[in-house]
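[1] Here's a sequence, model it:
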Amino acid sequence: MSTPTLPPEILTELRSQNPFARPPVVKAQNIWGESFADVTSLNAHASEAVFETLNKLATATSTLEKISSLVITADRGEGKSHLIRRIRHRLQTSGEGLLVYASADEYGDLDLINTAVLRSLANSLEKPWSEGVSQWQTVATAMVARVVQNINPAAKAPSPIELVKRFDCWAESHRTKGKDLVNEITRLLIKIHPGTDLYILRAILWTLSEERGWLAVKWLAGEALETQDAADLRLPPNQRTDKEREADAFVTLTKILSLLGEYRQVLICFDEMDNIVENRYGYSTAMVILDLVKRLFGSVQQSETAQGVLIATLVLPKTWHATLQSSEASPLKLCTACEKPIPLEPINALSINELVSLWLQDFYRSKNLIPPTPIYPFEEDQLVQYSKEGPYVRATLQWCATELTKKLDTLLAASQPDPPKLTPTERWERADLEAQERFLPEYLEDNELIAEVVRFCLDRIPQISRLSGTAIEKVVVTGTEDITPKSKNNGYLHFKILGTEAGQPVRILVAAVQQTGGFSVGAAFKRLLDHETFGGDRSCVLREENRKLRRSWKAYDYYQELVKQGGEWVHLEAEHLKPLYALKYIYDNHEQFDLSHKRLDSFGEVQRRLTQNPLIKDILSQPRGQVSETALEGETLHHLHSEAEAQQILQHLGDLNLPEEELELPTQLDLTVLEVA
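    Residues are numbered from 1 along each chain as shown. The predicted model follows:
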């Protein structure tokens, strides 16, 4: 097949940067990413099956038809996570549904699977959603709107953003009048949803609070609350053992899913089930989760007017085959929406053109270039021919990277029979330029990627002979290690730095914490303090300064304690992470740049980057010993009750006052004060 002649400007840019060399891997955290490039024709049958099922649930008239399940099968790298990301994007854009994403990669102890999935639910619904609020707040707003409409159909309910901004003021206004706003709304909700758990209703309503919403999410995740916090929210403190919490978690999970489905279509996706973890009875991750799906299917309840709940399980084909052989898994309950699992399909003639065009589109746009065709320099016949081999996305992009390199080599050989050979330094400079151009702003959303980059660079230091034993900010790095026990960490801490400082061993716990929700941020900060469990001497949190820490969050207290213990919040900056990312990229793809690891280790610029990068130095340096006030916002949380009052309130939680008389609301709500007569 002929090789197209490339215009000089396009040839120059493609030589400096191969658009297909970026690793085409969608990880768990990328499910929630803001930017999204989708090949709409790829596996459209699977995503459409999901949305068709959700729509059937919403329009079904029988309660038995409001719960459904389906199975999607695909091997590793065949697009399971990409499919979920597409579905998430559509649900978020339309505002009609909610997504609960349960990644088994985060489950360290399968004997506590109910607790782990409940935590996944709480974390998922804490994510930003449509209309500028979280998924929890979306549901809470819908609950308030239904109360208002139920009293007076002509009344105007606050918008989600208005409700969140004004909720604390409204609640305080009621409290000064001896009333409880959340209790009043709960009283009306229980008439709409008789038999619903009062505390779950209260907790979801409290997620509207900017001051205490994170506490409500923490409670909904099954976590323990301090006495005064629990009393302020009028919720049980959840102060139980792990065994007790696990026993209650499944019931809480089904109750929450049942309530969510009354307001929005709910999709819960179980993914990343192909790890080797087992529970104490020897059951694999897949079997444990499939059993949970079966139990959820039989336990979640919906009314005739509910929007419905769909449980989607993404598994390897061999896992599903093994399930069919097991009488314990009840395969029929795992796939009720269709007769058999939905397999993901390989690239075809249509989708390969769309994929390559989409990948090149961003590249050409960033370079202000206009190619002759959307797939240039590839030809349609070439792509169609390759698609006949039945490749999947990851393999296709890797093939494109290799083929593009071959095309460029052929063109260079034709135009320059004896092209000048680049020196190792020139190859390094060219590689560094390409790698740094690959750094995207969205990478700062990815805790895992941030941690992987920093860890790689720290591990490289003792492997380079000239750097081994060198003190950086008085710390001699000897290596890094994983965080254990995994069951206690739940993915919040990322790795531990090992080294010596002033001749003494030092272990530094490191966590990238770019989340924006108070519950998840607090969970990470809390673990950074637990040196006894995780084996650290001090801790370091990597987080951008503009991701403010609210003083009303528990994470603020943890941050103050972190500083007292000799830990530090290192302000993450793109300009400092970018060169480290480039370094890792070059090492990972060294053959592409004709540079060996040994050659890379010898470059002075590589050595300087490892030892003089501001981010590396900040992590290893002696903490400043003071809280960064510029990274904080809001007021500290003031308890509404004394310790004695809190104890008394908690003793009488079961006596929630729900008087029988009707509550009247004005037809047009006063948005300065929510008047409840």
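
[2] Give the buried residues for the top strand by length along the chain.
    In the chain, with assignment by DSSP state E, the single longest strand is strand 504-512. Across strand 504-512, burial judged by 16 or more other Cβ atoms under 10 Å covers 506-512. (Each C-beta comes from the backbone N, C-alpha and C, glycine too.)

[3] want to try TSV for the residues you listed, with pLDDT and distance to His82 as columns?
    Putting these into TSV (pLDDT from 0 to 100; distance: Cβ to Cβ, whole Å) gives the following:
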residue	pLDDT	distance to His82
Val506	97	41
Arg507	97	37
Ile508	98	35
Leu509	98	33
Val510	98	29
Ala511	97	27
Ala512	97	23
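
[4] among those, which two are most distant?
    Distance extremes for those: the farthest pair is Val506 and Ala512 at 19.9 Å, using Cβ to Cβ.

[5] just to revisit the earlier point, skip ahead from the longest strand of the chain and say which helix or strand is next.
    Per DSSP states H and E, strand 504-512 leads on to helix 518-529 as the next helix or strand towards the C-terminus.

[6] Any stretches of the stretch 251-400 of the chain with poor pLDDT?
    Scanning the stretch 251-400 of the chain for pLDDT under 70 picks out the ranges 326-332.

[7] Just the helices from it, written as ranges.
    Here the stretch 251-400 of the chain has its helices, by DSSP state H, counting those that start in this stretch, at 285-299, 317-324, 331-334, 349-366, 380-387, 393-415.

[8] Any idea which of those helices gets closest to Arg460?
    Closest to Arg460 of those, according to Cβ to Cβ: helix 393-415, at 24.3 Å.

[9] Give me the residues contacting the longest strand of the chain.
    For strand 504-512, the external contacting residues (Cβ atoms under 8 Å, 6 or more residues apart in numbering) are 447-448, 450-451, 454-455, 475, 483, 492-500, 524, 527-528, 531, 534-543, 572, 619-620.

[10] Also stretch 280-300?
    The contact list for stretch 280-300, computed with Cβ under 8 Å, 6+ apart, reads 67, 69, 102, 104, 107, 110-111, 113-114, 117, 250, 253-254, 257-258, 261, 268, 270, 273-279, 309, 311, 313, 315-316, 319, 322-323, 326, 328-330, 333-334, 336.

[11] Compile the buried residues of strand 504-512 into CSV and extend it with columns for distance to Arg551.
    Below are these laid out as CSV (distance: Cβ to Cβ, whole Å):
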residue, distance to Arg551
Val506, 31
Arg507, 30
Ile508, 26
Leu509, 24
Val510, 24
Ala511, 20
Ala512, 22
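
[12] Tell me if I'm right that Leu42 and Ile347 touch.
    Yes: proximity of Leu42 to Ile347 meets the contact threshold set by Cβ atoms under 8 Å, at 7.1 Å.

[13] and for those two, which residues touch both?
    Common contacts of Leu42 and Ile347 (Cβ under 8 Å, 6+ apart): 355, 393.

[14] if we can go back for a sec, of the contacts of stretch 280-300, buried ones?
    Buried positions within those, assessed by neighbour count (16+ other Cβ under 10 Å), are 67, 69, 102, 104, 107, 110-111, 113-114, 117, 250, 253-254, 257-258, 261, 268, 270, 273-274, 277, 279, 309, 311, 313, 315-316, 319, 322-323, 329-330, 333-334, 336.
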